[in-house]
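*Asks:* the sequence and its predicted three-dimensional model are supplied below.
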Protein chains: 2
Amino acid sequence: MSNYVISISREFGSGGRVIGKRLAAKLGIPCYDRTLIQKTAEKSGLSPEFIARAEERARSRFHLPFASMGTGVSTYTQQGVPVSLQAFFAQSEVIRKLADEGSCVIVGRCSDYVLGERPECLKVFIHGDLEDRVTRCAEDYHISAQNLTDRVKEIDRGRANYYNYYTGHNWGEMRRYDLTLNSSVTGIDGAVELIAALVRLRENQGGGQE
Amino acid sequence: MSNYVISISREFGSGGRVIGKRLAAKLGIPCYDRTLIQKTAEKSGLSPEFIARAEERARSRFHLPFASMGTGVSTYTQQGVPVSLQAFFAQSEVIRKLADEGSCVIVGRCSDYVLGERPECLKVFIHGDLEDRVTRCAEDYHISAQNLTDRVKEIDRGRANYYNYYTGHNWGEMRRYDLTLNSSVTGIDGAVELIAALVRLRENQGGGQE
């Protein structure tokens, strides 16, 4: 295959972001994660704050698609798009354009869903043992691991809510991914190695199947 | 790690069995699948037919753990073990002994659950696109692919029932596996290559984590 996109979904603390960065460095291609908020803002005219707020709302477990129905506040833009979806649509457009432009790694942002059935998109999910994820978070953010377990679970619930809300599918459903890994078993560099091996496989297949 | 066991769970038609065989050949270790029924019979004194029938019952969606309660028929052996579990317990014992004896590949038989938290057990799940699985089954069994889709789905439901009944967990729940693969994407030999890469990773780690 000429262009390829590796979409990495990940549990919080599983090391998915750093796996994405190291993989991109190894393959010599760009990696996009939260940087997509800025890109979306630049291309859509929406402010980064608006986009971040829309994401935050979608992560909330109290968020309902049509929460303001019956309140007299319009849930639609002038173009007939629900306000809550506007940022997501803009971001999806940016993801599709990046995928058109060249090979890259995209971390999160429902990119596995957005790039849908494109054969050049390899869909990966990274999970990890809860204890290891808590330890990694404590190290990364220089905070005590005590009482962090609930927070890690809460952030994952937020990611699940976000994914389920925007895609209508269940986050972390194995059959939606080409490869899933437990980073507690593979380690960070091991995960990079395995995903790179999958990329090589696809390159050798010329993008087709066996 | 010195000894290791690769447990391969798989959707019907995903090529999991042949992947297990080729992987074992590549690694120079034995592969056990349905052959475990004969081994279980030899070691337990149960007949192969009894074991196969117990498996068949567990796969049935109409099977209930205590189906014969209230019918006057005892559901327990003299040792107080439910009859329906006797074959499973015997098979689990065989699996544990094989894992003690040396490195091997075990396909199916809830081996990921039976070997539980043993660090030397690498847990893999192989799935595949439904269309590809139907095509593979038609080729393997020399039958028409027409009307095979429902049968493939039915066999998978049977595998799920069997796993859920004996383990109390959901079959195909991503977080229970160290590695999951879509064989429609990797191909058979690609899957073998990726699992072998995971084994090498663990060997280099000396069985520990990063």
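*Replies:* Structure's in. What do you need? Residues are numbered from 1 along each chain as shown, chains lettered A, B, ... in the order given.
*Asks:* tell me the first helix or strand C-terminal of the worst-scoring helix or strand of chain A on mean pLDDT.
*Replies:* For chain A, using mean pLDDT, DSSP states H and E, the weakest element among its helices and strands is helix A:48-59, scoring a mean of 81. Next helix or strand after helix A:48-59 toward the C-terminus (DSSP states H and E): helix A:83-101.
*Asks:* in that following helix, what's buried?
*Replies:* Buried residues in helix A:83-101, counted by 16 or more other CB atoms under 10 Å in any protein chain shown: A:84-92, A:94-96, A:98-99. In short, each C-beta sits where N, CA and C put it, glycine included.
*Asks:* which ones are touching A:Tyr162?
*Replies:* Listed by CB atoms under 8 Å, 6 or more residues apart in numbering or on different chains, the contact set of A:Tyr162 reads A:55, A:58-59, A:110, A:171.
*Asks:* using a markdown table, lay out these together with distance to A:Gly206 and neighbour count.
*Replies:* Listed next are these as a markdown table, based on distance: CB to CB, whole Å; neighbours: other CB atoms under 10 Å in any protein chain shown:
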| residue | distance to A:Gly206 | neighbour count |
| --- | --- | --- |
| A:Glu55 | 37 | 18 |
| A:Ala58 | 38 | 22 |
| A:Arg59 | 39 | 18 |
| A:Cys110 | 28 | 24 |
| A:Trp171 | 31 | 21 |
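*Asks:* can you redo the buried residues of helix A:83-101 as JSON lines with distance to A:Tyr166 and pLDDT?
*Replies:* As requested, the buried residues of helix A:83-101 are exported to JSON lines (distance: CB to CB, whole Å; pLDDT from 0 to 100):
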{"residue": "A:Ser84", "distance to A:Tyr166": "9", "pLDDT": "63"}
{"residue": "A:Leu85", "distance to A:Tyr166": "8", "pLDDT": "80"}
{"residue": "A:Gln86", "distance to A:Tyr166": "12", "pLDDT": "82"}
{"residue": "A:Ala87", "distance to A:Tyr166": "10", "pLDDT": "83"}
{"residue": "A:Phe88", "distance to A:Tyr166": "5", "pLDDT": "87"}
{"residue": "A:Phe89", "distance to A:Tyr166": "10", "pLDDT": "88"}
{"residue": "A:Ala90", "distance to A:Tyr166": "12", "pLDDT": "87"}
{"residue": "A:Gln91", "distance to A:Tyr166": "10", "pLDDT": "88"}
{"residue": "A:Ser92", "distance to A:Tyr166": "9", "pLDDT": "91"}
{"residue": "A:Val94", "distance to A:Tyr166": "15", "pLDDT": "91"}
{"residue": "A:Ile95", "distance to A:Tyr166": "12", "pLDDT": "93"}
{"residue": "A:Arg96", "distance to A:Tyr166": "15", "pLDDT": "93"}
{"residue": "A:Leu98", "distance to A:Tyr166": "18", "pLDDT": "92"}
{"residue": "A:Ala99", "distance to A:Tyr166": "17", "pLDDT": "93"}
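*Asks:* identify the farthest-apart pair in those residues.
*Replies:* Checked with CB to CB, the buried residues of helix A:83-101 reach their widest spread between A:Ser84 and A:Ala99, with 24.2 Å between them.
*Asks:* near chain B, which residues of chain A? Just list them.
*Replies:* Listed as neighbours of chain B in chain A under the rule CB under 8 Å from any CB of the partner chain: A:122, A:125, A:127, A:132, A:172-175, A:177-182, A:184-190, A:193-194, A:197-198, A:201-202, A:205, A:209-210.
*Asks:* among those, the buried ones, what's the ChimeraX command?
*Replies:* To isolate the buried members of the residues of chain A next to chain B in ChimeraX, using 16+ other CB under 10 Å:
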select /A:122,125,127,132,172,174,177,178,179,180,181,182,184,185,186,187,188,190,193,194,197,198,201,202
